[in-house]
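1. this is the structure alone, sequence omitted:
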């Protein structure tokens with residue numbers, strides 16, 4: 001855990017950063033002088049991605065306008081999810097702004113742990129729901145229609161590949177899983193020290209359980225039946241797990257069973273992997289020439305399927321919330337409003353609101369590869385296919401996701417066979433559903 005406040009170093013900027021200009025941005029309504037004199041300090045808990053390092057550099061603007069200082073606590077993604085639950089359940093917490101997995105938001109809203117934001121945003125000159133893709137802003141609302149969060153990322157999974165290597169070996173952009181396997185095989189065999197493909201394999205809800213569900217859906221499988229029974233021991237699920245195991249064991253990096261998004265992204269950036277299926281947001285850093293050896297060599301595509309079913313890109317958002325137990329709710333809401341404002345968001349490299357999306361992601365694909373379009377265009381196409389419930393948003397998703405991820409990691413590490421892993425997974429998921437009363 002690292003704690004810091006404004007003025008931190010920038011260790012990897014996004015290429016679409018509004019020309020690198022640091023323009024002063026409005027933080028909402030006129031600042032109350034008394035609040036400025038009080039020099040309130042609020043605490044922000046998030047993960048350690050590069051955009052938050054940029055935010056630290058811009059924070060003096062926010063502090064000057066509002067009199068509010070901000071301290072950061074950076075955590076690894078899995079630790080963040082765990083710590084979020086503990087802080088939200090407390091009657092009082094020192095955390096005033098929190099980065100939260102959108103899948104867990106419904107259960108925390110239902111429990112009364114999240115502060116509604118509507119009253120804080122009334123009359124705002126910088127926050128407009130119309131700035132967001134409707135499915136993303138709607139996912140931040142409770143059943144009562146109130147807004148409980150703002151979406152920081154509007155994300156989906158895409159296929160990111162080395163256009164130069166595809167051109168070298170005469171490969172076309174894969175549209176099916178069989179074609180993806182063949183591309184990985186060719187490059188893995190031809191390029192010493194370069195894995196054909198990297199994808200997540202580590203345990204944890206939203207880790208391997210971010211990528212594998214898209215493979216599952218691409219084979220026609222699902223988590224649950226229509227009447228909410230576990231559906232993870234079907235032929236479709238077993239085909240998806242076998243495929244994931246085969247492509248990563250044969251053409252993936254060593255130790256892939258322990259890979260999170262960090263290792264996947266780093267392997268691509270360092271030229272150690274030719275392809276990845278992961279978040280479109282990761283591509284921005286991969287295109288930063290100061291941080292990546294493959295900047296300008298990448299191409300982007302919608303993820304494949306088995307050829308019989310539609311591709312199912314993952315749908316995802318990290319949300320910003322104010323815990324109910326915060327002692328500085330008004331100040332925290334001001335920070336949220338500032339972060340997603342049209343002036344600030346493009347400078348940070350986040351994908352929300354919509355004004356920022358094109359400016360950040362309009363990165364050209366590798367010019368030599370036929371059929372490749374810019375990251376922005378491929379992300380747009382993928383979002384048209386993406387379903388917010390590709391991992392069903394039920395309050396029990398954190399437990400279900402953990403169980404699914406263990407099955408994936410066990411198969412990749414060789415500690416379990418596909419059939420046994422999924423039979424056990426299905427049994428445990430069904431128990432979770434039974435205990436919840438479905």
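-> That came through, no problem. Remember, predicted model here, so these are calculated numbers, not experimental data.

2. any weak-confidence spans in the protein?
-> Within the chain, the stretches falling below the threshold (pLDDT under 70) are 1-38.

3. and the longest helix along it, what does it pack onto?
-> Using DSSP state H to assign secondary structure, the helix with the most residues in the chain is helix 418-436. The helices and strands touching helix 418-436, judged by 3 or more Cβ pairs under 8 Å, 6 or more residues apart in numbering; DSSP states H and E, are helix 235-251, helix 397-413. (C-beta placed from N, C-alpha, C; glycine too.)

4. pick the most buried one from the ones you listed.
-> Mean neighbour count (mean count of other Cβ atoms under 10 Å) peaks for helix 397-413 among the helices and strands packed on helix 418-436, with a mean of 23.

5. picking up where we left off before, what residues of the longest helix of the chain count as buried?
-> Buried residues in helix 418-436, counting neighbours by 16 or more other Cβ atoms under 10 Å, are found at 418, 421-426, 428-430, 432-433.

6. wait, which of those residues is closest to residue 43?
-> When the buried residues of helix 418-436 are compared for distance to residue 43, the smallest value, 32.8 Å, is given by residue 432; criterion: Cβ to Cβ.

7. in this structure that closest one contacts residue 396, no?
-> Yes. With contact defined as Cβ atoms under 8 Å, residue 432 reaches residue 396; the gap is 5.3 Å.

8. the closest residue to residue 39 other than its chain neighbours and residue 163: what is the separation?
-> In space, and not counting its chain neighbours, residue 39 is closest to residue 67: 5.8 Å by Cβ to Cβ, 6 or more residues apart in numbering. Residue 67 sits 49 Å away from residue 163 when distances are taken as Cβ to Cβ, to the nearest Å.

9. more crowded one of those two?
-> Neighbours were tallied for residue 67 and for residue 163 using other Cβ atoms under 10 Å; the higher tally belongs to residue 163 (23 against 18).

10. OK, contacts around the more buried one?
-> Residue 163 is in contact with 297-299, 365-369, 372, counting by Cβ atoms under 8 Å, 6 or more residues apart in numbering.

11. show me which of the residues you listed are buried.
-> 297-299, 365-366, 369, 372.

12. quick check, nearest of these to residue 267?
-> Proximity of the buried ones among the contacts of residue 163 to residue 267 (Cβ to Cβ) peaks at residue 298, which lies at 13.1 Å.

13. I'd assumed residue 287 was in contact with that closest one.
-> Yes. With contact defined as Cβ under 8 Å, residue 298 counts as touching residue 287 (6.6 Å).

14. with respect to residue 115, which of the buried ones among the contacts of residue 163 is nearest?
-> The closest of the buried ones among the contacts of residue 163 to residue 115 turns out to be residue 298 (Cβ to Cβ; 40.0 Å).

15. show me the beta-bridge partners of the closest one.
-> Each beta-bridge partner of residue 298 is listed here: residue 162, as defined by DSSP bridges.

16. what sits against it?
-> By Cβ under 8 Å, 6+ apart, the neighbours of residue 298 are 160-163, 268, 283, 286-287, 365-366.

17. swap the cut-off to 7 Å and go again
-> For residue 298, the set of contacting residues under the criterion of Cβ atoms under 7 Å, 6 or more residues apart in numbering consists of 160-163, 283, 286-287, 365-366.

18. any chance of those in JSON lines, with distance to residue 221 too?
-> Listed next are the contacts of residue 298 as JSON lines, based on distance: Cβ to Cβ, whole Å:
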{"residue": "160", "distance to residue 221": "24"}
{"residue": "161", "distance to residue 221": "25"}
{"residue": "162", "distance to residue 221": "29"}
{"residue": "163", "distance to residue 221": "31"}
{"residue": "283", "distance to residue 221": "27"}
{"residue": "286", "distance to residue 221": "29"}
{"residue": "287", "distance to residue 221": "33"}
{"residue": "365", "distance to residue 221": "30"}
{"residue": "366", "distance to residue 221": "32"}
